[in-house]
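structure for the following, please:
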Amino acid sequence: MKRLLHTLLAFALVLYGTSSLIYFFSKENHITDLAAKRFVQQSLNHDLLISNAPCDERRAAFRRIEASANRHFNHLIIGSSRVMQMGKYTGLKNALNLGVSGASFEDIEIIYNLVAENNITFDTLHVDFNPWYSHEDDEAKFKTFDPQYNLQEGLKTIGLFKFHRPEILSILPSLCHQNIKDSPKNTPGHIIFSDGSIKQKATPPEKRLKNVNNTVTNLYHKIRTHSSIQIHHLKKVFHFYDQCSQRQTTIVYLSPFHPSLFRTYPHDDRILNIKRSEQLLKQYCSHLKIVGSFETTRIDHLFDSTCFIDAMHIDEQAIQKYFSTASTYHE
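Sure thing, here's the model as predicted:
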C-alpha cells in the first residue's frame, strides 16, 4: 500500500510539475506574464513579423502600458481590432496603440485608467464605438487585466492540464515573431509595429471575398445575441466619452461594416440596432468629434467594398483616407 502511495505521489509530482513548467513558459501564463514581457520588450524597439499570436493581447497591452510609463504621445488609440491598424503606418506619428481584439467597453475603461495610473500623457485620444458596447460584456475577457483572476485561472489550467498544441509551441520564441527584413509595404505577413499598431497580412482579392462572405454570416449570428439595446449601459459609455473629451481632444471612431451585412438582413431587428446605436451616439454625444459611420453609404466616395478585409475590418489604405478627411464626418 505504501509503495502504491509513493508511486501515485511520484506520478502526481511529475504530472503537475510538467504542467507547471509548460504553463510557466507558455503564453497562457498570465501570472508572471513571461511571454507578454518577452514580446513587448522586443516590440518596443522593433517592428515584428508575427507567425502566430505570441501572447494574450490584453496582457500585451498591460505590459506595453507599464513599459510606456511617464511618456508622452501625440496619439493614444484605444478600442477593438477595428482600430488596431491606426498608428505610424496609417499616418499617426508618435502614437501608442492599445487596441485589443473583441474589446468591450469594460476593456476600454480599464485600459484608459491604466494609462492614467502609469502617468502616460497624450494630446489626442482616438477611441472607437461598436454596437456591442450597448451591452455588458458577457465574455468578460477584460478579467485578464485582474491579477487575482489570472492566478485562479492559472492554477485551474495547471491542475486540469488544460493545454493545447499552440500553447505548447509558444514556448519556442522563434515560432512566434521575428524582425521584419523588408519595408512594411513589401512584407506580406502580419506585422505588429513598435507603437502597438498592426498591418494585416496581405490578402488576395478572391480570399477577401471568401472572408467577407464567411464573416458576414458569423457577424450576423454574433450580433443576433443582442436582441435589444441597454440604454442605461450606453449612457455609461457616452458619459465616459464626455469625460475623456473634457481632459483632452477626443475623436470617437465608427468603423464601417461591410455593406453586405445590411443588404442581406435589411429588416432584422439586430441589424437595425446597429443603426440605432449609431443614432443614439450622435444624439447624446453631438458635442464630440465623431468620425465615420457603420454604413459605407455615408462615406462611399472615400472607398468601396473592395477595401474590406472581412465584414468588420477595412484595410490600412482605407483607414488612412478615413482619417485624413476626418473633419468632414463630424456630425
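
contacts only, for residue 319.
Residues in contact with residue 319 (Cβ atoms under 8 Å, 6 or more residues apart in numbering) are 85, 86, 90. Every C-beta, even on glycine, is put in place using the N, C-alpha and C of the backbone.

same deal with residue 179?
Residue 179 sits in contact with 46, 47, 48, 49, where contact means Cβ under 8 Å, 6+ apart.

before we move on, the earlier item: who wins on neighbours among the contacts of residue 319?
Within those, most neighbours by other Cβ atoms under 10 Å means residue 86, with 29 neighbours.

next one, pLDDT for that residue please.
As predicted, residue 86 sits at a pLDDT of 94.

before we move on, what about residue 170?
So, for residue 170, pLDDT stands at 56.

next one: the helix or strand encompassing residue 283 to chain centre, how far?
Following DSSP states H and E, the helix or strand that holds residue 283 is helix 269-284. Using Cα atoms, centre = their mean, to the nearest Å, the mean C-alpha position of helix 269-284 is found 22 Å from that of the whole chain.

got the buried residues for it?
270, 271, 273, 274, 277, 278, 280, 281, 282, 284 (16 or more other Cβ atoms under 10 Å).

so what does the helix or strand that contains residue 63 touch, helix or strand wise?
In this assignment (DSSP H and E), residue 63 forms part of helix 57-67. In terms of contacts (3 or more Cβ pairs under 8 Å, 6 or more residues apart in numbering; DSSP states H and E), helix 57-67 is packed against helix 34-43, helix 105-117.

quick check: residue 287 is in a helix.
No - looking at residue 287 with DSSP: H, G, I helix; E, B strand; the rest coil, it is coil, so not inside a helix.

okay, now it: neighbour count?
The burial count for residue 287: 9, using other Cβ under 10 Å.

contacts only, for it.
Contacts of residue 287 by Cβ under 8 Å, 6+ apart are 242, 245.

what about it, distance to residue 41?
Counting by Cβ to Cβ, to the nearest Å, the gap from residue 287 to residue 41 is 41 Å.

ok, residue 91 next?
27 Å.

what is the helix or strand harbouring residue 127 packed up against?
Element membership of residue 127 [criterion: DSSP H and E] is strand 121-128. When contacts are defined as 3+ Cβ pairs under 8 Å, 6+ apart, strand 121-128 packs onto strand 72-78, helix 231-247, strand 249-254.

list the buried residues in the last one.
The one in question is strand 249-254. Buried-residue list, strand 249-254, by 16+ other Cβ under 10 Å: 250, 251, 252, 253, 254.

low pLDDT regions in the stretch 101-250 of the chain?
Within the stretch 101-250 of the chain, the segments meeting pLDDT under 70 span 163-176, 221-227.

local confidence estimate at residue 10?
63.

same check, this time on residue 300
Residue 300 is assigned 58 on the pLDDT scale.

next: the one 4 residues further on.
Reported pLDDT at residue 304 in the predicted model: 66.

now for residue 35, how many residues are close by?
Residue 35 sits with 27 neighbouring residues when counted by other Cβ under 10 Å.

I should have written residue 135 there, sorry.
18.

before we move on, what about residue 247?
Close neighbours of residue 247, defined as other Cβ under 10 Å, add up to 11.

what's the answer for residue 203, then?
15.

likewise for residue 149?
14.

give the contact list for it.
Here residue 149 is in contact with residue 143 (Cβ under 8 Å, 6+ apart).

buried subset of the contacts of residue 179 as a PyMOL selection?
In PyMOL, a selection of the buried entries from the contacts of residue 179 looks like this (16+ other Cβ under 10 Å):
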select buried, resi 47+48+49
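
out of the contacts of residue 179, who's nearest residue 152?
Nearest to residue 152 among the contacts of residue 179 is residue 48, at 31.0 Å by Cβ to Cβ.

can you list the buried residues of strand 249-254 in CSV and add distance to residue 95?
Listed next are the buried residues of strand 249-254 as CSV, based on distance: Cβ to Cβ, whole Å:
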residue, distance to residue 95
250, 15
251, 13
252, 17
253, 13
254, 19
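
those: which two are farthest apart?
So, these by Cβ to Cβ: farthest apart are 250 and 254, at 13.7 Å.

wouldn't residue 41 be in contact with residue 67 here?
Yes - contact criterion Cβ atoms under 8 Å: residue 41 and residue 67 qualify, at 7.4 Å.

surely residue 273 touches residue 133?
No - Residue 273 lies out of contact with residue 133 (Cβ under 8 Å); the separation is 11.8 Å.

can you tell me how far residue 31 is from residue 111?
In this view, residue 31 and residue 111 are 20 Å apart by Cβ to Cβ.

those two: who's more crowded?
residue 111 (25 against 17).

what's that one in contact with, if anything?
Contacts of residue 111 (Cβ under 8 Å, 6+ apart): 61, 65, 78, 98, 100, 145.

go on, residue 116?
Residue 116 makes no contacts at all, as judged by Cβ under 8 Å, 6+ apart.

could you report the separation of it from residue 306?
If you measure residue 116 against residue 306 using Cβ to Cβ, the figure is 40 Å.
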